[in-house]
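S.K.: got a predicted structure plus its sequence, pasted below:
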Amino acid sequence: MSQMRVVPVEGPGDLAAAMAIREVVFIEEAAIPLDIERDDLDVTAFHVLAMLDGHAVGTGRLVASDEVPPGETGTWNRIGRMAVVAKHRKAGAGRAILEVLEAKARENAAKGIVLHAQVHARTFYDRLGYAPFGEVFEEAGIPHVRMWKKFREAG
């Protein structure tokens, strides 16, 4: 039986694999222009790859967030550019990616995570403890909703 692993991107080869997945999912499938899909945050972001049988099937990234949910303070991280190859979308890659990125955010001493979920993917994030805030908005021509998850404080 195959097992999904999520590993940090290490080196240009891994980053190229992550970008290739994003190209297929965002640029080819969702018709998001390259100049919107790629940004300056890619250089400093913490990227991961979901691996299945030695093949990269998904990716996501974590960055510092300048967006903080209403009524919250402190340092927050933002998850973005989560993409899973269509053939593997029901194999648990998305959940596995999210769990690793959340663990990294905790290591970063973030209070929690914010993200911009495509409206059609909102239930995925709902099931994993994220809550919406704000109005639905358009990003790259696709309806999105801001979502957040606050980490429980130790103690």
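M.R.: Okay, I see it. Keep in mind that this is a model prediction, so the values were computed, not measured.
S.K.: test my guess that residue 114 contacts residue 78.
M.R.: Yes. The criterion here is Cβ atoms under 8 Å, and residue 114 meets it with residue 78 at 5.1 Å. Glycine gets a C-beta too; all of them are placed from N, C-alpha and C.
S.K.: which residues do those two both contact?
M.R.: 65, 67 (Cβ atoms under 8 Å, 6 or more residues apart in numbering).
S.K.: quick one: buried residues of the helix or strand bottoming out on mean pLDDT in the chain?
M.R.: When the helices and strands of the chain are compared on mean pLDDT, DSSP states H and E, helix 34-37 comes out lowest with a mean of 89. Neighbour-count burial for helix 34-37 flags residue 37 (criterion: 16 or more other Cβ atoms under 10 Å).
S.K.: C-terminal to that helix, what's the next element?
M.R.: strand 46-52 (DSSP states H and E).
S.K.: now tell me what touches that following strand from outside.
M.R.: Under Cβ under 8 Å, 6+ apart, the answer for strand 46-52 is 2-9, 14-15, 17-18, 21, 56-63, 84, 88, 91, 93, 96-97, 100-101, 104.
S.K.: now do that strand: distance to the chain's middle.
M.R.: 11 Å (Cα atoms, centre = their mean, to the nearest Å).
S.K.: show me the contacts of strand 46-52 that map onto strands.
M.R.: When DSSP state E defines the strands, the subset of these inside them is 4-8, 56-63, 84.
S.K.: how about the residues you listed, which pair is most distant?
M.R.: Spatially, the most separated pair among the ones in strands among the contacts of strand 46-52 is 4 and 63, at 23.4 Å (Cβ to Cβ).
S.K.: remind me what the least confident helix or strand of the chain packs against, helices and strands.
M.R.: Using 3 or more Cβ pairs under 8 Å, 6 or more residues apart in numbering; DSSP states H and E as the contact test, no helix or strand touches helix 34-37.
S.K.: outside of stretch 120-131, which residues touch it?
M.R.: 94-95, 98, 113, 115, 117, 132, 145, 147-149.
S.K.: pull out the buried members of those.
M.R.: 94, 98, 113, 115, 117, 145, 147-149.
S.K.: okay, and which of those map to strands?
M.R.: Reading strands off the buried ones among the contacts of stretch 120-131 with DSSP E, I get 113, 115, 117, 145, 147-149.
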